[in-house]
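Trainee: One predicted model, sequence on top.
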Amino acid sequence: QVQLLESGGGLVQAGGSLRLSCAASGRTFKAYAYAMGWVRQAPGKERELVASIRWTVGTTYYSDSVKGRFTISKDNAKNMMYLQMNSLNAEDTAVYYCAAQRVGESGYKSWGQGTQVTVSS
């Protein structure tokens with residue numbers, strides 16, 4: 001089992017920045033970690049994968065909506081993942097979830113509880 005805990009959300013003005021953190025734990029996390037990602041969901045909208053990172057090789061992915069503004073990173077030693085969000089706008093307002101995919105799994109099967117990001121215009 002993998003446990004994920006997000007932190008760092010909050011209220012920020014448009015143009016501002018926030019940094020989200022995700023702490024991963026669980027006996028098998030390191031042995032089977034394949035990829036981690038940040039998924040957001042705004043009211044009335046579908047979930048959107050905004051960024052992901054391969055745990056071992058570090059390959060990253062960004063959605064077009066955040067490319068150039070958000071940066072995903074990780075600290076393998078601490079089992080931490082981060083999302084640096086710059087130039088935030090109202091469209092970034094959503095609940096942001098940390099998600100993990102283990103080797104052999106199809107898609108993200110482990111999820112955090114989510115952290116609210118609200119951008120005021």
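Mentor: Received it, and whenever you're ready, just let me know what you need. Everything quoted here is computed from the prediction, not taken from an experiment.

Trainee: Geometric centre of the chain: which residue is closest?
Mentor: residue 38 (2.3 Å; Cα atoms, centre = their mean).

Trainee: Least confident secondary structure element in this structure?
Mentor: Comparing helices and strands within the chain by mean pLDDT, DSSP states H and E singles out helix 29-32 as the least confident, with a mean of 82.

Trainee: Going by neighbour count, which residues in that one are buried?
Mentor: The neighbour-count check on helix 29-32 (16 or more other Cβ atoms under 10 Å) flags residue 29 as buried. C-beta coordinates here come from the backbone N, C-alpha and C atoms, glycine included.

Trainee: how far out from the middle of the chain is it?
Mentor: When C-alpha coordinates are averaged (Cα atoms, centre = their mean, to the nearest Å), helix 29-32 and its chain have centres 18 Å apart.

Trainee: ok so, going back, give me the pLDDT value at the residue nearest to the centre of the chain.
Mentor: Here, the pLDDT recorded for residue 38 equals 98.

Trainee: follow-up on the earlier one: what lies in contact with the least confident helix or strand of the chain?
Mentor: Judged by Cβ atoms under 8 Å, 6 or more residues apart in numbering, the contacts made with helix 29-32 from elsewhere in the structure are 2, 76, 79, 100, 102, 103, 104.

Trainee: Tabulate these (a markdown table), appending pLDDT.
Mentor: Formatted as a markdown table, the entries for the contacts of helix 29-32 read as follows, by pLDDT from 0 to 100:
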| residue | pLDDT |
| --- | --- |
| 2 | 90 |
| 76 | 92 |
| 79 | 94 |
| 100 | 95 |
| 102 | 89 |
| 103 | 86 |
| 104 | 87 |
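
Trainee: Now do residue 121 against residue 60, distance only.
Mentor: According to Cβ to Cβ, to the nearest Å, residue 121 stands 28 Å off from residue 60.

Trainee: Who has more neighbours out of these two?
Mentor: Counted by other Cβ atoms under 10 Å, residue 121 and residue 60 do not tie: residue 60 has more neighbours, with 14 against 9.

Trainee: Give the rounded mean pLDDT of the helix or strand containing residue 83.
Mentor: Taking DSSP states H and E as the criterion, the element that holds residue 83 is strand 80-85. Here the mean pLDDT over strand 80-85 is 98, rounded to a whole number.
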